[in-house]
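*Asks:* can't give you the sequence, but here's the structure:
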């Protein structure tokens, strides 16, 4: 084995990545002629040295010109100083590095080959015998508890259609099951398929994948089916969701998973061979991942059937209570012999339970309050709460019987209030009213989000005792919040409640489908859900409450009456219900597609992304597709032919917003991984600092925010510093635990949790997002292959992420801000002189937006995203101060126009110099920008990189390296050069920010430099 191979293997072994060692060793047993990219890398580029010498000479001119620069201005309003030599060492090391590259590995080819360790061969006769024995054991069980479960199972309507279902599913590639809520489709149909195979002694060959839209549904359904089969999870039934994996045994299995897991499975061609049946449940939700998975699955099956109509393909079944049968039947149509005629996918319709559910509308609910609630209670819950009062005052104006002339407020204004306001007080009043009427059974309440959950609980605890209902009494009531960010409370659903205790489950749309609560008699529905809409052309994201569809209302209604008659309370008028849309628009039509495009390209290569997305069941607009592809090219995640670059392959594996993924990679390269991971872990909108602040606490909040933000003028630094403060406090609390003198571990844990909560409350922080962010960051590190120091993974809750070496620059604010500018570009905003608005590039023109008041002291900044709400037509959030030099040199699209620079085709920089012509200075700054762009990401600089091969591929892609010498004779020299380049890159990024003018003036520099008073810190929340 050559020195190069030994060195690469040693780097892998240093971090214990044995799979990659095995992979590399295996690949080197093949001749390099089998790999096209190997031939490219071995080719010599004769003009290489000539080009490098030209760059070196041009660099010398750039450094000399930079010394002469006095000021660089943006539209005569923004200015910065750049008067020091800052890149000589950087450029020199780049020339050395490019000149001395010495690798011969077939880098791109290694990426596509996954290592598969052989499993123990399946003994089909033995597995068949096990399955038959387990089935017989369940059927003959005398356990009273299991017998009750089995009776309930056998009474489900789906069981009456067993023969029709099996014929439909096993004799058609695609089939559709339109089964109403309560029919048992999610639990019984997979079992019917497996039991049929077992009865024919083919159980070991039957492998069923059942895809759910929510991880909660996947877990609870797997647990229920395992209980119905008298088994433990992990025998013939299992599940796979994010952060949790309990697969079934090989052969004769039912595996529940989410649509995201299915997407990952589709990246491997073996999916069609691993499963005999794939069930897509609750297809009416139309998640973007599900739509992409359906398209990819359909394409894979079609390709295999083109080779041979007898080829093995899994049977695909689509299920929902509210499925659009015509739409899906047409999409999954099959062709007959000779491809002369298309046949729609066949379907079956199955009724639900016979228990009736009575529907009640807002008119009836309000009328009932006059008989059940005291006037004071009605006033407290309906009139004194502004959101509830606004909703009630405007709802009937929009959806009542009045003419427009009778409406005192403009109709459009009333409609917006009706749409955006959530009547939490109305929900609380409805619950108490039903309890006054001595209604039995448990309650399921649907609300848009966590804020409404907390409001309702506070109302119940405040008003309930006045009417004899103590909701804190666990013997009478048990309140459970059902939210994706509250996994511990989800576990409480499985805990039985004492006899006479009524559960009040307050849930988002997570409980809308596939989850059964047998004790629920009353469903109270606000009729709203939170929906994120993203306009890619304007880069505006809206997360606002909106009315649900009729299909969603039917799903929610179906949660009641599972074991007896139930009631459904729709907190909207009958007219409002009749005007609801039939179904929600597909998510793929209203969300950004960058992350989706990366996953899609990983699944299917060689075909334009626009063509693939056009094959989805309801394709997104061309504008959305074009915007996503261009953004990925801008990030250099895709090349000109829309192929994944080395960077793109890494970003795809991270499974997150590509901009934040790039931020994490830069954090590894530049030794500030901890702060970058903190920012990335909150990329999904998980807001650590989003808390309700009482009026009396505003001054304290301002003081704390000043302490966290310092003089950085950055929301991002505020998040990083507040997160690290919370982490340090949690670490201190655990050290203090040794001095508490408590006896049991439970007491110690309770005390620590109490201290954590107290610190978070005192500093206006939210513990739930903190814990979720820690879990997300750990997952990102796993995907990156970043080595963990030898300590427990649980310690990441209280200790910095990764090692000290990877965090050597985590305290360098200038470097972090420089990397932020690079990753957030082209999201830049600038304030015009004398104006009160901040302007951003908003296609098709420039438009004013709203920003937090303190940031109005900043003339130019980068931002996370634009947003729109009922109160703010357009605003920006997550902003960080940017100075013009950083904007020029660290962003992407810079053009020179004689003596001026144009950034992203809209932001003009005018240059003023002391001696050299403006055109000369502009040319040299443009060259400096171009050089930095070439080396903005160099993963091969990572001192402890676990994936050297992947890192080198990325470096070659970004530097356009097409030639390497045949051998690596002096790896020590290479490592020294690598460290030198890494050090100089860090120094360069720091200098770009620190050498910029400390006072960027809009009008009067003296005014800018005056110390701020308390008024300057008002209104930290966005308008």
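*Replies:* Sure thing, it's come through. Remember, predicted model here, so these are calculated numbers, not experimental data.
*Asks:* make it CA atoms for all contacts and neighbour counts henceforth
*Replies:* Will do.
*Asks:* And residue 863, how close does it get to residue 227?
*Replies:* Counting by Cα to Cα, to the nearest Å, the gap from residue 863 to residue 227 is 50 Å.
*Asks:* Looking at these two, which one has more neighbours?
*Replies:* Of the pair residue 863 and residue 227, residue 863 is the one with more neighbours under other Cα atoms under 10 Å, namely 26 against 17.
*Asks:* give me every residue that touches the more buried one.
*Replies:* Each residue near residue 863 by Cα atoms under 8 Å, 6 or more residues apart in numbering is listed here: 824, 827-829, 876-880.
*Asks:* Can you tell me which of those residues end up in strands?
*Replies:* Among these, the ones falling in strands (DSSP state E) are 828-829, 876-880.
*Asks:* any idea which of those is closest to residue 432?
*Replies:* Of all the ones in strands among the contacts of residue 863, the one sitting nearest residue 432 is residue 877; the distance, using Cα to Cα, is 39.0 Å.
*Asks:* give me the number of residues near the closest one?
*Replies:* The number of residues near residue 877, taken as other Cα under 10 Å, comes to 17.
*Asks:* Could you do residue 124 as well?
*Replies:* 16.
*Asks:* And for residue 159?
*Replies:* Around residue 159 there are 17 other residues, counting by other Cα under 10 Å.
*Asks:* What of the one 4 residues further on?
*Replies:* Applying the criterion other Cα under 10 Å, we find 11 residues in the vicinity of residue 163.
*Asks:* For it, give its distance to residue 171.
*Replies:* Look at residue 163 and residue 171: by Cα to Cα, they are 12 Å apart.
*Asks:* circling back: got the ones in strands among the contacts of residue 863 as JSON lines, with distance to residue 211 and pLDDT columns?
*Replies:* Formatted as JSON lines, the ones in strands among the contacts of residue 863 follow (distance: Cα to Cα, whole Å; pLDDT from 0 to 100):
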{"residue": "828", "distance to residue 211": "41", "pLDDT": "83"}
{"residue": "829", "distance to residue 211": "43", "pLDDT": "82"}
{"residue": "876", "distance to residue 211": "37", "pLDDT": "79"}
{"residue": "877", "distance to residue 211": "35", "pLDDT": "79"}
{"residue": "878", "distance to residue 211": "35", "pLDDT": "83"}
{"residue": "879", "distance to residue 211": "39", "pLDDT": "84"}
{"residue": "880", "distance to residue 211": "41", "pLDDT": "87"}
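*Asks:* Distance to residue 236 added to those, as a markdown table?
*Replies:* Below are the ones in strands among the contacts of residue 863 laid out as a markdown table (distance: Cα to Cα, whole Å):
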| residue | distance to residue 236 |
| --- | --- |
| 828 | 54 |
| 829 | 56 |
| 876 | 50 |
| 877 | 48 |
| 878 | 47 |
| 879 | 51 |
| 880 | 52 |
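*Asks:* can the contacts of residue 863 go into JSON lines with extra columns for distance to residue 423?
*Replies:* As requested, the contacts of residue 863 are exported to JSON lines (distance: Cα to Cα, whole Å):
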{"residue": "824", "distance to residue 423": "37"}
{"residue": "827", "distance to residue 423": "36"}
{"residue": "828", "distance to residue 423": "37"}
{"residue": "829", "distance to residue 423": "36"}
{"residue": "876", "distance to residue 423": "27"}
{"residue": "877", "distance to residue 423": "27"}
{"residue": "878", "distance to residue 423": "29"}
{"residue": "879", "distance to residue 423": "32"}
{"residue": "880", "distance to residue 423": "35"}
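*Asks:* Make a PyMOL selection of the buried ones in these.
*Replies:* Applied in PyMOL, the following selects the buried portion of the contacts of residue 863 according to 16 or more other Cα atoms under 10 Å:
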select buried, resi 824+827+828+829+876+877+878+879+880
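*Asks:* Which of the helices or strands spans residue 452?
*Replies:* Using DSSP states H and E, residue 452 maps to helix 450-463.
*Asks:* by contact count, what packs against that helix?
*Replies:* Counting contacts by 3 or more Cα pairs under 8 Å, 6 or more residues apart in numbering; DSSP states H and E, helix 450-463 is packed against helix 424-436.
*Asks:* Okay, angle between the helix it packs on and helix 450-463 too, please.
*Replies:* 50 degrees (axes from the mean of the first three to the mean of the last three Cα atoms, to 10 degrees).
*Asks:* Counting neighbours, show which residues of helix 424-436 come out buried.
*Replies:* By neighbour count on 16+ other Cα under 10 Å, the buried set for helix 424-436 is 424-435.
*Asks:* Please enumerate residues in contact with that helix?
*Replies:* With contact meaning Cα under 8 Å, 6+ apart, helix 424-436 is reached by 365, 368-369, 372-373, 377-378, 381-382, 385, 387-388, 443, 445, 452, 455-456, 459-460, 464, 524, 526.
*Asks:* Okay, and which of those residues map to helices?
*Replies:* Members of the contacts of helix 424-436 lying in helices (criterion: DSSP state H): 365, 368-369, 372, 377-378, 387-388, 452, 455-456, 459-460.
*Asks:* What subset of those is buried?
*Replies:* Here, 16+ other Cα under 10 Å leaves 365, 369, 372, 377-378, 387-388, 452, 456, 459-460 buried among the ones in helices among the contacts of helix 424-436.
*Asks:* tell me the least confident of the residues you listed?
*Replies:* Minimum pLDDT for those is recorded at residue 387 (82).
*Asks:* right, and it touches residue 421 too?
*Replies:* Yes - counting by Cα atoms under 8 Å, residue 421 is a contact partner of residue 387 at 5.6 Å.
*Asks:* Could you list the low-confidence segments of the stretch 151-300 of the chain?
*Replies:* The stretch 151-300 of the chain contains no residues with pLDDT under 70.
*Asks:* let's see 90
*Replies:* Along the stretch 151-300 of the chain, segments meeting pLDDT under 90 span 152, 180-182, 214-216, 242-245, 250-251, 264, 267-273, 285-286.
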